[in-house]
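K.L.:
Show me how the following folds:
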Amino acid sequence: MSDFDEKNKRFRIPNRDVKLTELEAEITRTRVFQRLFYLKQLGLAHLVYPSATHTRAGHSIECLDEASRLLDAIGVEAGSNDWSDVRMAALLHDMGHVPFSHTLEDENEVLPKHDKGERVSNVLEKLKGEVGDDAQALIDRAAPILHAISSSNDSVRDWKSDLVGNTVCADLLAYITTDAAWTGIEKRPGYYRIYDYFTRAEKTVRDDDGTEGTNERLCIKLTKGGLRTDIVSAIMDLLDMRYALTERVIYHHAKAIASAMLARAARLANLEDEPKLLDMGDEAFLLYLESLAANSPDKPTGDGAKMLLDRLRSRNLYKRIFKIQRQDMESWNRRNSQSDDDKFDVKWRNSEAIEELLVKIEDRLDLQRGSLVLWCPEGKSGMKLVKANVIWQQSGGWHKPVVLRSQEVRDQFRRVYDRVETIENQYLDLWTFWIGINPEQMEKAPAVIDALARELGIDCDPVFIETYAKQNPRFKEAAEIYEKVNGAWRTRYAPDVSRRVTEMTEEDAALEGGSFDESLIDEAISEAASEKSSPVKKSKVKNSKDQLELDGTKAEEQSEENE
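P.N.:
You can find the predicted model right below:
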């Protein structure tokens with residue numbers, strides 16, 4: 001029996017024990033680590049799947065266990081420095097999470113990423129303040145692995161960061177089955193054999209400045225005396241489970257709207273990335289956000305944030321009224337965008353642009369601040385799993401490591417590549433843009449839809465309107481009224497308003513660079529309405545008066561005749 005087996009702390013996770021060393025156990029007995037027990041792994045997903053309340057602490061312990069299995073698979077000796085460093089990095093990989101981090105950082109970009117730079121360094125320093133010298137030294141050795149995981153520079157990554165948190169890694173293997181189990185997704189893991197096919201191999205990498213070098217990377221072997229179809233199936237099982245989680249949890253429409261509500265509340269409350277967030281669990285964070293809303297110097301904005309939080313607390317979620325699918329978004333990009341920065345799916349992830357749009361429509365239609373929410377997922381993000389490094393046997397040795405979704409794999413294993421490509425394309429097609437509205441304002445939803453279509457330059461999905469939105473009686477009634485009013489407007493007022501705006505802008509200095517003050521439209525509408533209505537009313541009054549006078553005269557004449 002090894003020294004590790006004799007001296008360890010056991011943690012029970014579903015279906016197995018995880019053994020921690022004395023130093024690892026010491027880390028868990030700190031306020032910094034214990035906070036992770038107050039952070040839900042799946043954020044707001046419990047509003048859709050009530051059992052999805054498992055925590056980041058449990059996930060971190062399971063990630064350490066998965067890291068051990070991978071370390072054993074690639075032959076790293078238990079108790080060595082590499083073994084200890086990687087396990088510690090796995091245990092600490094989520095320490096930089098603030099409450100609802102994926103909602104506020106990844107999905108809505110209200111806050112910067114949890115695993116970037118300074119925040120990770122700060123939380124590790126805070127952790128070191130609660131442990132002894134030996135544990136501090138171990139944290140310092142694990143820190144470069146954690147920073148490499150979040151780096152966009154491929155040259156700083158190596159097999160250690162790959163193993164903890166890159167593509168097919170300990171992080172993925174820890175959450176994918178647990179998240180599926182706690183959300184009730186009926187997917188059974190079939191990738192148990194994949195552990196036998198992990199290895200390390202030198203890969204050519206390029207630094208940010210273009211300098212080439214080599215790093216040892218974690219790889220999956222696709223062959224053993226020929227292509228191993230069971231390994232391909234194991235990879236496909238992982239891809240399939242990741243797709244299912246994205247489809248049924250991350251992109252679930254109620255979960256998406258709830259995420260958009262929390263993000264809007266955070267923006268209206270002027271939430272900032274403060275060190276104090278790293279002291280909070282989910283409940284403490286919601287209380288803090290409510291205090292920011294209550295103390296907002298702008299009462300309408302603060303009231304809007306409070307309304308959103310109140311509805312989240314009671315699960316009275318907003319209703320979807322506007323939908324855009326991927327093909328329409330891509331068509332818009334082809335017509336309108338000149339660079340990545342002005343693509344539809346990039347612009348509408350920007351907090352300032354989102355607030356400007358929503359505030360403009362709320363003000364135009366006299367809606368309370370916070371009545372609308374917007375959810376726009378990242379358009380170009382594919383499945384990280386398809387970037388896993390793979391190698392295979394060929395004459396003269398092993399092929400250099402390349403990513404699974406590469407031209408080399410396509411040339412060598414076309415059917416494997418086609419299977420991977422199919423599921424990744426399905427994953428990308430899950431992209432959906434939503435606008436939600438406070439159900440109490442449903443009578444204004446048709447006007448909101450029209451205003452959004454003009455502002456965004458894309459019409460709402462008509463199938464969604466017919467098959468979902470109009471199933472809501474309040475929306476259907478409002479839509480029927482709105483269509484009638486619009487018909488009357490187009491017939492009675494639109495030509496005159498168009499003519500008047502043209503006349504005004506020809507004379508008015510407000511017309512600059514092809515734009516004009518929108519108040520001119522209001523003025524034109526007012527004048528057109530006055531022109532249409534006033535003469536009619538005056539005519540009716542005048543005619544009535546003339547008729548009375550005429551009738552009076554006739555009556556007098558008749559009386560004289562009778563006399």
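
K.L.:
What segments of the stretch 351-500 of the chain are helices?
P.N.:
Using DSSP state H, counting those that start in this stretch, the helices found in the stretch 351-500 of the chain span residues 351-364, 407-412, 414-428, 445-456, 462-467, 473-492, 494-507.

K.L.:
Which one of those helices lies nearest to T199?
P.N.:
helix 407-412 (16.7 Å; C-beta to C-beta). Yep, even glycine has a C-beta here, placed from its N, CA and C like the rest.

K.L.:
In terms of secondary structure, what does the closest one contact?
P.N.:
Applying 3 or more C-beta pairs under 8 Å, 6 or more residues apart in numbering; DSSP states H and E, we find helix 407-412 packed against strand 402-403, helix 414-428.

K.L.:
Among the ones you listed, which comes closest to P495?
P.N.:
helix 414-428 (45.0 Å).

K.L.:
Please tell me I have it right and L372 contacts L358.
P.N.:
Yes. Applying C-beta atoms under 8 Å as the test, L372 and L358 come out as touching, 4.7 Å apart.

K.L.:
Identify the contacts common to those two.
P.N.:
Common contact partners of L372 and L358 (C-beta atoms under 8 Å, 6 or more residues apart in numbering): R264.

K.L.:
Comparing those two, which shows the higher neighbour count?
P.N.:
L372 (29 against 25; other C-beta atoms under 10 Å).

K.L.:
what's the distance between stretch 361-377 and the middle of its chain?
P.N.:
18 Å (C-alpha atoms, centre = their mean, to the nearest Å).

K.L.:
Okay, buried residues for it please.
P.N.:
Buried residues in stretch 361-377, counted by 16 or more other C-beta atoms under 10 Å: 361-362, 365, 367, 369-377.

K.L.:
Most tightly packed of the helices of the stretch 351-500 of the chain?
P.N.:
helix 445-456 (a mean of 19; mean count of other C-beta atoms under 10 Å).

K.L.:
tilt between that one and helix 351-364?
P.N.:
140 degrees (axes from the mean of the first three to the mean of the last three C-alpha atoms, to 10 degrees).

K.L.:
which residue sits closest to the residue positioned nearest the centre of the chain, ignoring its sequence neighbours?
P.N.:
What sits nearest the mean C-alpha location of the chain, by C-alpha atoms, centre = their mean, is E107, with 2.1 Å. The spatial neighbour of E107 that comes closest, neighbours along the chain excluded (C-beta to C-beta, 6 or more residues apart in numbering), is S259 at 5.3 Å.

K.L.:
any idea which helix or strand carries the one you found?
P.N.:
helix 253-268 (DSSP states H and E).

K.L.:
mind listing what L42 touches?
P.N.:
Here L42 is in contact with Y49, A52, H54, D179, W182, T183, V249 (C-beta under 8 Å, 6+ apart).

K.L.:
Recalculate using a threshold of 6 Å.
P.N.:
A52 (C-beta atoms under 6 Å, 6 or more residues apart in numbering).

K.L.:
for the one 10 residues further on, same thing?
P.N.:
For A52, the residues meeting the contact criterion (C-beta under 6 Å, 6+ apart) are L42, A45, H46, W182, T183.

K.L.:
which one of these is nearest Q471?
P.N.:
A45 (25.0 Å).

K.L.:
Could you measure from that closest one over to R320?
P.N.:
17 Å (C-beta to C-beta, to the nearest Å).

K.L.:
give me the low-pLDDT residue ranges for this protein?
P.N.:
1-7, 114-116, 189, 488-494, 497-526, 528-563 (pLDDT under 70).

K.L.:
so where do the strands sit in it?
P.N.:
Using DSSP state E, the strands assigned to the chain run over residues 9-13, 16-20, 198-206, 212-221, 319-325, 372-375, 389-391, 393-394, 397-398, 402-403, 432-437.

K.L.:
Partner strands of the longest one, with direction?
P.N.:
Which is strand 212-221. Using DSSP bridges, the strands paired with strand 212-221 are strand 198-206 (antiparallel), strand 389-391 (parallel).

K.L.:
what's the burial count for the spatially closest residue to D162 that is not a sequence neighbour?
P.N.:
Spatially, and ignoring its direct neighbours in sequence, D162 is nearest to L218 (3.7 Å; C-beta to C-beta, 6+ apart). L218 sits with 27 neighbouring residues when counted by other C-beta under 10 Å.
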